[in-house]
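Enquirer: I would like to see how this sequence folds:
(2 chains)
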2 protein chains.
Amino acid sequence: MVDTSAPEATRRSERARRAIHEAALALVAEAGYRKTTIEGIAAPAGVGKQTIYRWWPSKAEVLLEAFLDLVEQHARQARNVPYEIPDTGDVAADLKAVLRATVDQLLDPRFAAPSRALAAEGLVDEQLGRRVVATLLEPQLQLYVRRLRAAQQAGQVRADVDPRIALELFVSPLAQRWLQHTGPVSHAYTDTLVDYALHGLAPR
Amino acid sequence: MVDTSAPEATRRSERARRAIHEAALALVAEAGYRKTTIEGIAAPAGVGKQTIYRWWPSKAEVLLEAFLDLVEQHARQARNVPYEIPDTGDVAADLKAVLRATVDQLLDPRFAAPSRALAAEGLVDEQLGRRVVATLLEPQLQLYVRRLRAAQQAGQVRADVDPRIALELFVSPLAQRWLQHTGPVSHAYTDTLVDYALHGLAPR
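Expert: Numbers count the residues shown, from 1 in each chain, chains lettered A, B, ... in the order given. Predicted coordinates for the structure are as follows:
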């Protein structure tokens, strides 16, 4: 956010930071992570590469910050800050709605290219992987934890269920299909995951 | 497998192939995937690097074949070929047993280093990723499909459940925790996944 009361120098560097974020996201989407370089980000952002080297320790860190910024802008445009999973009183419907929105994001190249790049790089570079999980993935998972806790209070999820494990029954299958191309992702698929997770595979 | 009736040249190349597999697995476990080179594999295997270049198109393909060989040898030693998930008549117990064994493998560096390297490289190189899924991951998932179909016949899993999706409720969470370091993996964790998946999160 540009704070209009900030001194001119701060506003200038905020604009440069935003331009670098946009250039990094565009380049990763066009050229892929491996062909993305600091030089390639600097030119369209209108800054010298030394500026980028001074602000970030690696290209992965530029991309992580750029992606976090994109996610926040997107939430802000949707007037959904601080973001929470809606609670309409119907946990199945609420989980299906948020997972359908996630499917749409995963199929949108603006989100897909950087998030796949960060996930891949995170598997190779364990330190980056832990930063991606801590800053990007775990905060999203905690939204499910809170929605499942509310469902427990409402008697729609068993009280003895650990919400942090329970959410993985529908979040992790979607993540694995999308990341590893182990199967197609669609609204019908995530709806099915929610139904199976809530009602179980065994006959009732 | 060495076929003792094979001509001497075939036996020699079979020995060389096995030596290359072992060298590739050892080097990946010691040095990591990025520092593993064809030259680094050739020397301890006692072959020239041209032999490796002639037989495989990339170091990832050497590692994939070596890992498939390791998995097959391991199954053979356990006299478990062709491998199937045991059917004791109790689907919960059978799924818990195979997932506990998987946890043990994921915590064993001999298996963990190459399988993590293949998964990571598969995210970056989509063609390799699809080969890893087709030759390594999907055949393992089909074992769960067969066990769940038997459970459907026995009335322990609902007839209207799609087994190929159902298995993801316990397999994908374990895969994501292990690959992305999103949480600890243990026997208690996979037991919980099976219980939640079979009985559901909602009260019965």
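
Enquirer: For the rest of this, base every contact and every neighbour count on C-alpha atoms.
Expert: OK.

Enquirer: Let me know how buried A:Asp195 is, in neighbour terms.
Expert: 19 (other C-alpha atoms under 10 Å in any protein chain shown).

Enquirer: hang on, isn't it packed against A:Asp94?
Expert: No: using C-alpha atoms under 8 Å, A:Asp195 is not in contact with A:Asp94, being 12.0 Å away.

Enquirer: and the least confident helix or strand in chain A by mean pLDDT, what does it pack onto?
Expert: One helix or strand of chain A scores below all others by mean pLDDT, DSSP states H and E: helix A:109-124, with a mean of 87. In terms of contacts (3 or more C-alpha pairs under 8 Å, 6 or more residues apart in numbering or on different chains; DSSP states H and E), helix A:109-124 is packed against helix A:8-31, helix A:59-77, helix A:91-106, helix A:126-132, helix B:109-124, helix B:168-180.

Enquirer: Tell me the buried residues in the last one?
Expert: If I follow you right, that is helix B:168-180. Using 16 or more other C-alpha atoms under 10 Å in any protein chain shown as the test for burial, helix B:168-180 gives B:Glu168, B:Leu169, B:Phe170, B:Val171, B:Ser172, B:Pro173, B:Leu174, B:Ala175, B:Gln176, B:Trp178, B:Leu179, B:Gln180.

Enquirer: what sits up against whatever helix or strand A:Ala150 lives in?
Expert: Secondary-structure element containing A:Ala150, defined by DSSP states H and E: helix A:138-153. Residues outside helix A:138-153 that contact it (C-alpha atoms under 8 Å, 6 or more residues apart in numbering or on different chains) are A:84-87, A:89, A:91, A:157-159, A:163-164, A:167, B:182.

Enquirer: among the buried residues of helix B:168-180, which are within reach of chain A?
Expert: B:Glu168, B:Leu169, B:Phe170, B:Ser172, B:Pro173, B:Ala175, B:Gln176, B:Leu179, B:Gln180 (C-alpha under 8 Å from any C-alpha of the partner chain).

Enquirer: Need the phi and psi values for the residue of chain A found nearest chain B.
Expert: For chain A and chain B, the shortest gap (C-alpha to the nearest C-alpha) falls at A:Gly200, measuring 3.5 Å. Reported as degrees, to the nearest 10, the phi and psi values for A:Gly200 are phi 80, psi 160.

Enquirer: Around chain B, which positions in chain A sit nearby?
Expert: A:116-117, A:119-124, A:129-130, A:133, A:138, A:155-158, A:161, A:165-166, A:168-170, A:172-173, A:175-176, A:179-182, A:193, A:196-204.

Enquirer: if you set the cut-off to 7 Å instead, what comes out?
Expert: Within reach of chain B by C-alpha under 7 Å from any C-alpha of the partner chain, chain A has these residues: A:120, A:123-124, A:129-130, A:133, A:156-158, A:161, A:168-170, A:172-173, A:176, A:179-182, A:197-204.

Enquirer: hey, C-alpha coordinates of stretch A:69-78 in CSV?
Expert: Extracted C-alpha coordinates of stretch A:69-78, given in CSV (Å, rounded to 0.1, in the frame of the first residue of the first chain):
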residue,chain,number,x,y,z
ASP,A,69,1.7,-9.2,-2.8
LEU,A,70,-0.5,-10.5,-5.7
VAL,A,71,-2.5,-12.7,-3.3
GLU,A,72,-3.0,-9.7,-1.0
GLN,A,73,-4.0,-7.3,-3.8
HIS,A,74,-6.5,-9.9,-5.1
ALA,A,75,-8.1,-10.3,-1.7
ARG,A,76,-8.2,-6.5,-1.3
GLN,A,77,-10.0,-6.1,-4.7
ALA,A,78,-12.5,-8.7,-3.5
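
Enquirer: for that stretch, the distance to its chain's centre please.
Expert: Stretch A:69-78 has its C-alpha centroid displaced from the chain centroid by 11 Å (C-alpha atoms, centre = their mean, to the nearest Å).

Enquirer: so what's the residue of chain A closest to chain B up against?
Expert: Neighbouring residues of A:Gly200 by C-alpha atoms under 7 Å, 6 or more residues apart in numbering or on different chains: B:Ala197, B:Leu198, B:His199, B:Gly200.

Enquirer: pLDDT score assigned to the nearest residue to the last one once chain neighbours are set aside?
Expert: Nearest non-adjacent residue to B:Gly200, counting by C-alpha to C-alpha, 6 or more residues apart in numbering or on different chains: A:Gly200, 3.5 Å away. The model reports A:Gly200 with a pLDDT of 97.

Enquirer: follow-up on the earlier one: give the buried residues for the least confident helix or strand of chain A.
Expert: Across helix A:109-124, burial judged by 16+ other C-alpha under 10 Å covers A:110-124.

Enquirer: try stretch A:54-64
Expert: For stretch A:54-64, burial by neighbour count (16+ other C-alpha under 10 Å) applies to A:Lys59, A:Ala60, A:Glu61, A:Val62, A:Leu63, A:Leu64.

Enquirer: State the distance spanning the first to the last residue of that stretch.
Expert: Using C-alpha to C-alpha, to the nearest Å, one end of stretch A:54-64 lies 16 Å from the other.

Enquirer: Spatially nearest residue to A:His21, not counting backbone neighbours?
Expert: Leaving aside its sequence neighbours, A:His21 sits nearest to A:Ala66 (C-alpha to C-alpha, 6+ apart; 4.4 Å).

Enquirer: burial measure for that neighbour, as a count.
Expert: 22.

Enquirer: and what of A:Arg12?
Expert: There are 13 residues near A:Arg12, going by other C-alpha under 10 Å.
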